[in-house]
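> Would you be able to build a 3D model of this:
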Amino acid sequence: MVAIGLGLLAVSGLYNVAATRPHFRPVDHLIKFALRRSISLHSLGVLLPDLTDPALAQLGREHFATGCAPCHSQPGHARHPIARGMLPSPPRLEGAASRWETRELFWIVRHGLKFTGMPAWTGRDRDDEVWAVVAYLQRMPHDDDTVPAREKRTPALGFGIDEPSPLARCAACHGDGRRRPVHASVPVLHGQKEGYLARALSEYHDGRRQSGIMEPLAAVLSAEDIGRIARHFAEADRPAAVARPGDARVARGRRIFREGVPRQELPACRSCHAPETSAQFPLLDGLSGHYVEAQLGLFRSGVRSGTTHGRIMSVIAERLSPEQIADIAAFLDSGGERAPVPAEARREGE
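Sure thing, here's the model as predicted:
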């Protein structure tokens, strides 16, 4: 009988679905109960990584400001009128870490929620980006209730006149020449090849390269914007190499980078990734080992195989063992080709 009654109610159209009318209290309680039970069940298999790195939370803060704050706002900011008019209204998230388990927060950000306006993360296979946001939510400061609401800045919904320029948005994560990137998983752009930067932005723009952050940002860029941004960073000075003490891993990584591994049909990294090679192949010197290791993992798993250049790198990455990838990362972290070559390495090359 209950099912028949609900069916008749739906057919009649009497239930008001307008966002100006809240649900009946029993309906509201039922929806929230079902939502919590669903999230709790479906997030059970989530494995938690280490989220203690403060830089990871800082990266998550930049992600949050771009993709979450327009609806959820952030500490010190007022709610946007459009967000207040939604039903359900997007909640403020200062206390999200106390209301949800860490695995549940990841599941919500990763998959979104039906019938709430909460979208799934754009980069479907970029869990690393989602975890950065979760790390920030765990450390998110509480809103300062002593600041009058009229004095709190209202966030913009998109690239409005109040929004930072595209170059300012780039600098927030990638650094500005004085500051290095906010986290080791973010690449240095200064001094990178113009052709590669333009290609990367175009791939994000067209949805051929996954990123829940870069895809939305690049989607609003015109071809002229992409060219201007690529030129700006290509003409900027590359950051100085930070040489670190080497070890056996660095020596092995140096050999792979310079000579390849013929028995595995692995070409030398620098045969493509050098200043004198095609502008479509990025420079690796100056990039963190963490970033290169993560990108090789994405190539190996097929996440970055959606383009011609991506398919080329996927073949190479599959031939590399995890240990060899770690060796290349160690070499780049030691300063790469711009770092002084130890005497024993020079003797090996004679």
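> ranges for the strands of the stretch 51-200 of the chain?
Using DSSP state E, counting those that start in this stretch, the stretch 51-200 of the chain contains no strands.
> where along it do the helices fall?
With DSSP state H, counting those that start in this stretch, the ranges of helices along the stretch 51-200 of the chain come out as 54-67, 69-72, 81-84, 96-99, 102-111, 127-139, 166-174, 194-205.
> Looking at those helices, which is nearest to residue 48?
helix 102-111 (5.8 Å; CB to CB). Backbone N, C-alpha and C define where each C-beta goes, glycine included.
> Between helix 127-139 and the closest one, find me the angle.
Angle, helix 102-111 to helix 127-139, by axes from the mean of the first three to the mean of the last three CA atoms, to 10 degrees: 130 degrees.
> Output the contacting helices and strands for helix 102-111.
Other elements packing on helix 102-111 under the criterion 3 or more CB pairs under 8 Å, 6 or more residues apart in numbering; DSSP states H and E are helix 25-42, helix 127-139.
> excluding its backbone neighbours, what's nearest residue 221?
Once flanking residues are discounted, residue 221 sits nearest to residue 205: 6.0 Å by CB to CB, 6 or more residues apart in numbering.
> re the thing from before, and the helices of the stretch 51-200 of the chain: which comes nearest residue 29?
Ranking the helices of the stretch 51-200 of the chain by proximity to residue 29 (CB to CB) places helix 96-99 first, at 16.3 Å.
> buried set for the closest one?
Residues 96, 97 are the ones in helix 96-99 that count as buried (16 or more other CB atoms under 10 Å).
> contacts for that helix?
Under the criterion CB atoms under 8 Å, 6 or more residues apart in numbering, residues 105, 137, 138, 140 lie in contact with helix 96-99.
> where does the third one land on pLDDT?
So that's residue 138. Reported pLDDT at residue 138 in the predicted model: 94.
> Burial check on it, number of neighbours?
Neighbourhood size, residue 138 [other CB atoms under 10 Å]: 16.
> can you check residue 299 too?
Residue 299: 20 surrounding residues under other CB under 10 Å.
> What distance do you get for it to residue 314?
To residue 314, residue 299 is 5 Å away according to CB to CB, to the nearest Å.
> rewinding a little: closest to residue 13 out of the contacts of helix 96-99?
Of all those, residue 105 has the smallest distance to residue 13: 37.1 Å, by CB to CB.
> Excluding residues flanking it in the chain, which one is nearest residue 281?
Counting by CB to CB, 6+ apart, residue 281 lies nearest to residue 272, which is 4.4 Å off, once chain neighbours are set aside.
> That neighbour contacts residue 278, doesn't it?
Yes - Residue 272 is in contact with residue 278 according to CB atoms under 8 Å; the separation is 7.3 Å.
> tell me the contacts of the residue nearest to residue 221?
Going by CB under 8 Å, 6+ apart, residue 205 touches 215, 218, 219, 221, 226.
> Contact partners for residue 15?
Contacts of residue 15 by CB under 8 Å, 6+ apart are residue 9.
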